[in-house]
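Engineer: no FASTA, just this:
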């Protein structure tokens, strides 16, 4: 899964603006698709460094501070501080050039998987109320066995996925939503229900067709095709 921004209209200047900030965007009919960068958290870490010979060679470019430790007029060691960048899972940054234009976010998500000899699982995608969705791409070649069989672009707030398992009636229904917070957006996955398909509560009956398709996909040996889509 990943998030992209869909900007209204074909905007070549936005493609150039994204290149300048080392981003990526492409023109499609009537819109501009922007690949959103994953959000990064910078943490400052300190650690001792004991090499006392001339020239401190740590071998990193991210050193932001070096502190000498002196005892009785002699250097006894160093403390090195580094800024370490960590990717925040399932969280993306909406670049300023995108925020300035009419846009919405889309979740790119896949139908994938299938059964193997004694294990395996298959996942299908449906709308918020269990409806079938239209994929923007269905692979016709390459490695299809238990791979990706359909690509969907779902407008925020999101969609639902259902996973079925090989040689089992169990299914897992999960809601996948896009949550915005300022210039950041997060993919939030919440389990709706897990259990035996034959005991699906009536309150979730709108997902019954998708759940049956997911169960079939999980049992589909070396699955190579789409089970639930328009």
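Structural biologist: Happy to help now that I have it. What you see is a predicted model; the values in this text were computed from it and never measured.

Engineer: how does this structure divide into domains?
Structural biologist: Here the domain assignment for the chain is 1-36, 40-88, 102-219, based on automatic domain parsing.

Engineer: With respect to residue 94, which of these lies nearest?
Structural biologist: domain 102-219 (5.0 Å; Cβ to Cβ). In this view, the C-beta of every residue, glycine as well, is placed from N, C-alpha and C.

Engineer: out of all of them, which strand in the chain is the longest?
Structural biologist: Taking DSSP state E as the criterion, the chain has its longest strand at strand 74-93.

Engineer: Which strands and helices lie in contact with that one?
Structural biologist: The contact analysis (3 or more Cβ pairs under 8 Å, 6 or more residues apart in numbering; DSSP states H and E) places strand 74-93 against strand 38-49, strand 63-71, strand 184-196.

Engineer: Return the list of strands paired to that strand, each annotated with direction.
Structural biologist: strand 38-49 (antiparallel), strand 63-71 (antiparallel), strand 184-196 (antiparallel) (DSSP bridges).

Engineer: Downstream of that strand, the next helix or strand is which one?
Structural biologist: helix 96-99 (DSSP states H and E).

Engineer: now the angle from the helix or strand following that following helix to strand 74-93?
Structural biologist: Sequence-wise, the next helix or strand downstream of helix 96-99 (DSSP H and E) is strand 103-115. Here strand 103-115 points in a direction 90 degrees away from that of strand 74-93 (axes from the mean of the first three to the mean of the last three Cα atoms, to 10 degrees).

Engineer: and of the domains of the chain, who's closest to residue 226?
Structural biologist: domain 102-219 (4.7 Å).

Engineer: Quick one: low-confidence residue ranges for this structure.
Structural biologist: The model of the chain has pLDDT under 70 over residues 49-64, 75-76.

Engineer: can you tell me which helix in it is longest?
Structural biologist: In the chain, taking DSSP state H as the definition, the longest helix is helix 208-219.
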